[in-house]
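In: let me see the structure of the following:
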Amino acid sequence: MDGNSRSSSKQAKLLVMKMSPQIKKLSIKQQNERLEIENKILAIENQKMREELRTYRCAACLKIENACLKVELARSFRNAATILEAEAQSELEVGFSSTAPQIPADTSATGPLQPSAAGGQDEPCE
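Out: Residues are numbered from 1 along each chain as shown. Okay, the predicted model is just below:
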């Protein structure tokens, strides 16, 4: 029996030696997969942090930018007001130009004036 146990222990050792590289291979493969997943997670977090840093502005910078935007807005309003005033002025000038149609003096908003029988003054028709 002693010889038989030696051969079985040798077989067990051989089996362990044969299986050891396969087991190592599997554990290395699993470890690589875990590391790849962890690497992807870290890459996503890194991208998020980069985006936050790219868009980050301190309070002082925001105040400066806000002041610049207010100045730009005021300038835009002034320009718009100037344009509107110029358009209104040109409309007024066109309305009173010599080429504009003239309204006769004997008409009013209620129609042409009719001479009255009593006073001889012009009064609107009813």
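
In: what segments of this protein are strands?
Out: 107-108, 111-115, 122-124 (DSSP state E).

In: how many other residues sit next to residue 58?
Out: Using other Cβ atoms under 10 Å, residue 58 is surrounded by 8 other residues. (C-beta placed from N, C-alpha, C; glycine too.)

In: which phi and psi does it have?
Out: The phi and psi values for residue 58, taken as degrees, to the nearest 10, are phi -70, psi 170.

In: the helices in this protein, which residues?
Out: Here the chain has its helices, by DSSP state H, at 2-55, 59-95.

In: ok, of those, where does mean pLDDT dip lowest?
Out: For the helices of the chain, the bottom mean pLDDT is recorded on helix 2-55, which sits at a mean of 85.

In: distance from that one to the middle of the chain?
Out: On the basis of Cα atoms, centre = their mean, to the nearest Å, helix 2-55 is displaced by 46 Å from the centre of the chain it belongs to.

In: can you check stretch 64-84 too?
Out: A distance of 21 Å separates the centroid of the chain from that of stretch 64-84, by Cα atoms, centre = their mean.

In: can I see the domain layout of this protein?
Out: Recorded structural domains for the chain (assignment: automatic domain parsing) are 14-56, 58-94.

In: dump those into CSV; add distance to residue 6 as well.
Out: Formatted as CSV, these follow (distance: least, Cβ to Cβ, whole Å):
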stretch, distance to residue 6
domain 14-56, 12
domain 58-94, 78
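
In: of all those domains, which lies closest to residue 8?
Out: Each of these was checked against residue 8 via Cβ to Cβ, and the shortest separation belongs to domain 14-56, namely 10.2 Å.
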